[in-house]
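Novice: Here is my input; please provide its structure:
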Amino acid sequence: MKTLGSLMLLAILVWGCSKSTSPAATEAAFSKYEDSEGKSVFREKCGKCHRYKLPETHTASSWPGIVDKMARKAKLSDDQKAAVLAFVTKHAKAS
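Specialist: Just a heads-up that it's a prediction; the model follows:
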């Protein structure tokens, strides 16, 4: 049982240290994007529950599924969801 608990703790630590951005680095990273509704909503809503994944961490083709799934959890309106999707796909990494 101790082994299972240790493995679970290790998995949580590894997951927590995944490719996310620290708050200080996030501020600098977001300054490179022009101001938009999508940027504002993304920063305001997406950082409440977890660290940000910058737009270039995913391809434009993968963002729609991610935004669709997360928009429900973040309780985004259709307009907010569309703005976030436009923002992240515009700045997504090349496929």
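
Novice: what about the helices in the protein?
Specialist: Using DSSP state H, the helices assigned to the chain run over residues 2-16, 23-30, 37-46, 63-74, 78-90.

Novice: quick one, which of the ones you listed is nearest to Leu54?
Specialist: helix 23-30 (5.7 Å; CB to CB). Just so you know, the C-beta spots here come from the backbone N, C-alpha and C atoms, and that holds for glycine as well.

Novice: low pLDDT regions in this structure?
Specialist: The chain contains residues with pLDDT under 70 at 1, 9-26.

Novice: how about the most centrally placed residue in the chain, phi and psi?
Specialist: With distances taken as CA atoms, centre = their mean, the residue of the chain nearest its centroid is Lys53 (3.4 Å). When read as degrees, to the nearest 10, the backbone of Lys53 gives phi -110, psi 110.

Novice: how close does it sit to Gly5?
Specialist: 29 Å (CB to CB, to the nearest Å).

Novice: coming back round to it: okay, the helices of the chain in TSV with distance to Thr57 and mean neighbour count next?
Specialist: Shown next, in TSV, are those (distance: least, CB to CB, whole Å; neighbours: other CB atoms under 10 Å):
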stretch	distance to Thr57	mean neighbour count
helix 2-16	15	9
helix 23-30	11	12
helix 37-46	12	18
helix 63-74	10	15
helix 78-90	9	18
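
Novice: What is the burial count for Arg51?
Specialist: For Arg51, the neighbour count with other CB atoms under 10 Å is 16.

Novice: Now it: phi and psi?
Specialist: phi -70, psi 150.

Novice: Ala94 contacts His58, doesn't it?
Specialist: No. Look at Ala94 against His58 with CB atoms under 8 Å: they stay out of range, at 11.2 Å.
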